[in-house]
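Undergrad: dropping a prediction and its sequence here:
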Amino acid sequence: MNSTTTAQFEAAWSEVERQQKEQLSASTERLDVEVERELTLLLAGVRDALTEDQRDIQSEFDKLIRMVEQFQQGVDMWQLKAKSSIKMIEEKQRNFAILVEETSIRAAAARRDSIDRLQKRASETEASCQQLLAAASKGM
């Protein structure tokens, strides 16, 4: 792989990483906004529903708050898992790129070796033919 190809690969790789980060950031932001909106709606609904049975309702409200907190923890865990998965995928992509580059280098070396051997054989064959022609012309 030449330096131009390597530079192109690195530029493409950087772009992929940038896009992944943008997508993760956008998804996180949308999810945060949605969670905040849902929480606001839940809180507004619960406040409107408070009546004489406030103790019972307060208990339900506390349950809702715990559920929202658990949901937020789940979202946080999902984000951590997503980041971990992205890192793992990036590492596998890097390893694959290294493997491709190493294979390309080996293939180029094998090609050069084959060309060198063919050129050597051609030279040897040409020399043998010239010797045979020289011997044949001396024998005539």
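TA: Right, received. Where do you want to start? Just so it is clear, the structure is predicted and the values come from calculations on it, not from any experiment.

Undergrad: against which helices or strands is the helix ranked longest in the chain packed?
TA: As assigned by DSSP state H, the longest helix anywhere in the chain is helix 54-139. In terms of contacts (3 or more C-beta pairs under 8 Å, 6 or more residues apart in numbering; DSSP states H and E), helix 54-139 is packed against helix 3-49. C-beta coordinates here come from the backbone N, C-alpha and C atoms, glycine included.

Undergrad: so which elements touch the helix it packs on?
TA: So helix 3-49, by 3+ C-beta pairs under 8 Å, 6+ apart, packs with helix 54-139.

Undergrad: now do the helix it packs on: distance to the chain's middle.
TA: 10 Å (C-alpha atoms, centre = their mean, to the nearest Å).

Undergrad: quick one, the longest helix of the chain and helix 3-49 angle?
TA: Between helix 54-139 and helix 3-49, the angle comes out at 170 degrees (axes from the mean of the first three to the mean of the last three C-alpha atoms, to 10 degrees).

Undergrad: any figure for the gap between Ala110 and Asp116?
TA: Applying C-beta to C-beta, to the nearest Å, the value for Ala110 to Asp116 is 11 Å.

Undergrad: swap in Gln79?
TA: Distance from Gln79 to Asp116, by C-beta to C-beta: 55 Å.

Undergrad: any stretches of this protein with poor pLDDT?
TA: By pLDDT under 70, the weakly predicted segments of the chain are 1, 49-53, 140.

Undergrad: closest to the centroid, which residue in it?
TA: Glu90 (3.5 Å; C-alpha atoms, centre = their mean).

Undergrad: what sits closest to that one if chain neighbours are left out?
TA: Spatial nearest neighbour of Glu90, chain neighbours left out: Glu17 (7.0 Å); criterion: C-beta to C-beta, 6 or more residues apart in numbering.
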